[in-house]
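Undergrad: for reference, the sequence and a predicted model appear below.
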Amino acid sequence: MLKGELIFALLIFVVSLFLYWVTGSFGTGTVLQGSQMGPAFWPRLLLGALLLLSVVVSVGTIRKIAREKAWGESLLTMDRGKVRFFAAIGLGVAYLILLPVLGFIAITPVFMIAFMLLLGEKSKGWIIGVSIAMTAIIVVLFTKAMYVPLPRGVWLFREFSLLFY
Amino acid sequence: MDIWLAALQTVFQPTTLFFILAGVMLGTVLGAIPGLNSTMGTALLIPFTFAMAPENGLALLAAVYCGGTFGGSISAILFNVPGAPEAAATGFDGYPMAQKGQAGEALGYAIMSSVIGGIFSVLVLTLVSPQLAEVGLTFSQPEYFALAVAALTLIASLGGAGMAKAFIAGLIGLLLATVGIDEMTADPRFTFGGKALLGGINFIPAIIGAFAVGEILAKAEEGKGLHGEHLTIKVSTKLPNVRELLRLKWTILRSAVIGTAIGILPGVGATTAAFIGYSEAVRWSKHPEKFGTGVPEGIAGPETANNAATGGAMVPLLTLGIPGSATTAVIIGGFLVHGLQPGPMLFLNQPKLMYTIFIAMYVANICMLFAGLLVAKIFANFRRVRYSILGPVIFVFAAIGSFGIRNDMTDLWIMFACGIVGYFFKKFKYPIAPMIIGLVLGPLTEVSLRKGMFMADYQLSLFLMRPIAGTILAVAVASVLWNLYSVFIKKGKASLEEIE
């Protein structure tokens, strides 16, 4: 855990450093003069502070690790929790990628069922009932009451979605 | 006076009343369920308020906020699992009281003190806001910069342990706000040549992601409590009678004042108020040793204070556009989806809307009495909610809510990315609230600084010598220094870990 914390703080440091480099290209053609605050001024101020504070946190964490002699702790133990976590991320990404392709009404029940199974839900009735009912409620609520055009998908899926909204 | 009547008419329309009642109920339920809270609830609701009239939408959000702040105490008292951080202090005496078989009485005290604290703070809100808004009209760029800095430093320095981490969170929020086209020079920033980020990071998907999706991911990993367990306690809530309440009058009054004052401070909210309310109740008590064993003062102290903070936190929001807490930062989104910018100008241009919000909050606090009784009853006799069902449902709502703001898939990816950031924040103990407040206040902070410095011809002294701006900035800096001082000196040794 402590090592993960250290890596996270170092990651903030590295990303800040990279973004600081990116600010070099901001407003090269701006009318503002050198001492005036151009588009890069504020982000650089923030990134500078982030660099400083991430060093403070890193040093603090390193000292804590040294004190608790936690250097030996393994960084990533693939227990069931971690598997569930990465699977949840994978499911989320898959849902977001497939949403514009398959449309909301086709993909959402499948996604919900998969997610509930992943979280260890056993009751088949709840799984199927809630997935279908929630999809129906959202379709009615968003398309009929709030006029949000939910993604319809492409090709055959679009035809399918058009049956409902 | 006419304004009051017009606002009363609006609030007492059946639809508005319905939204207020529904909001309080929903807020109470969300607050009572551990892992859900009013901040997440308001964030998930904002896309819905888009379709409502502004006064209905904002009344609903304010009602959820009021109910959510109280709701956490139900599970804190019954199961010793605070449904929300602001209820943690309520459990100190609430749970022991429930264990003595007085769960009904404990809930009754919690409900009554919440209602009184809430109404007191709305009273202060009503009295102070119009005056403060007038002062706010005289504010210029430097004052707004100072206020934004004060909000950010306060939340970081009073946010409990881990000051450096809180500041990192706030800075990340401010940095996210710089993505997109620079308001002053129209240069694209951090868009990496693409079009997707030109419009900036919409903060509603970011909030929904950080609070809702981050929580789902954390729960998925944790695995505990996914299935719920059978918890059946027979409870009938018993409201305290007048004599019992009068015995607590000083505790309640003290906490109401403390809670409102803390709520008004930009950036700090109900959780801090509850803990200070509790510790002051202990300090002033004749029998401080009895606290923790289940005394009514131990419930009234924090519970009055945290609900008083709701009205207090609305003061800077409505008068200056500066959020007083994480949830009020989210409520800004409720204004923005209707094209309204909270602040002194709104008081001038839309006074009816402002007074409608005031009255809606009075009504919401009264509704809390009934909502509290009802939800406590349902909750005590109900199986614990299974997160394995709830999590996926929340995820889909979060996704579609984020999509609905602009009908743009980019917002969905922003939501998901912020969810992952939110997960790591939770895991490595970085507070999320400063990030959200940074994201909300980012444009104001940057633009007021750069415009203000432009006006002052880039002379920092002119910028700082303005009396109000200078004072606020001095207080903000002093609060940070004071916290650093107390960490380094009071605890006897200088250790980096403690500020970190």
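TA: Structure's in. What do you need? Computed from a predicted structure; not experimentally measured.

Undergrad: report the separation between residue B:196 and chain A.
TA: From residue B:196 across to chain A, the span is 13 Å (C-beta to the nearest C-beta, to the nearest Å). No exception for glycine: its C-beta is placed from N, CA and C like everyone else's.

Undergrad: if you could redo that for residue B:262, that was the one I meant.
TA: Distance from residue B:262 to chain A, by C-beta to the nearest C-beta: 26 Å.

Undergrad: tell me if the helix or strand where residue A:81 lies is near chain B.
TA: Using DSSP states H and E, residue A:81 falls within helix A:80-102. Yes - Helix A:80-102 lies within reach of chain B by C-beta under 8 Å from any C-beta of the partner chain, at A:80-82, A:84-85, A:87-89, A:92-93, A:95-96, A:99-100.

Undergrad: contacting residues around the helix or strand following that helix?
TA: Using DSSP H and E, the helix or strand that directly follows helix A:80-102 along the chain is helix A:104-118. Helix A:104-118 has contacts (C-beta atoms under 8 Å, 6 or more residues apart in numbering or on different chains) with A:84, A:87-88, A:91, A:94-95, A:98-99, A:126-128, A:130-132, A:134-135, A:138-139, A:150-153, A:157, A:160-161, A:164-165, B:220, B:388-389, B:391-393, B:395-396, B:400.

Undergrad: would you list the phi and psi of the spatially most central residue of chain B?
TA: Nearest to the geometric centre of chain B sits residue B:327, at 3.0 Å (C-alpha atoms, centre = their mean). Backbone torsions for residue B:327, taken as degrees, to the nearest 10, come to phi -70, psi -40.

Undergrad: ok, back up a step: give the PyMOL command for selecting the buried subset of the contacts of helix A:104-118.
TA: Buried members of the contacts of helix A:104-118, defined by 16 or more other C-beta atoms under 10 Å in any protein chain shown, are picked up in PyMOL with:
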select buried, (chain A and resi 84+88+91+95+98+99+127+130+131+134+135+138+139+150+151+152+153+157+161+165) or (chain B and resi 220+388+389+391+392+393+395+396+400)
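
Undergrad: among the contacts of helix A:104-118, which lie within helices?
TA: A:84, A:87-88, A:91, A:94-95, A:98-99, A:126-128, A:130-132, A:134-135, A:138-139, A:157, A:160-161, B:220, B:388-389, B:391-393, B:395-396, B:400 (DSSP state H).

Undergrad: show me what the longest helix seen in chain B packs onto, helices and strands only.
TA: Looking across chain B with DSSP H, the single longest helix is helix B:103-137. Secondary-structure packing of helix B:103-137 (3 or more C-beta pairs under 8 Å, 6 or more residues apart in numbering or on different chains; DSSP states H and E): helix B:54-79, helix B:88-97, helix B:249-264, helix B:296-320, helix B:344-349, helix B:351-380.

Undergrad: tilt between the longest one and helix B:103-137?
TA: Same thing as helix B:351-380. Interaxial angle of helix B:351-380 relative to helix B:103-137 (axes from the mean of the first three to the mean of the last three C-alpha atoms, to 10 degrees): 160 degrees.

Undergrad: buried ones in the longest helix of chain B?
TA: B:103-122, B:124-126, B:128-130, B:132-133, B:136.
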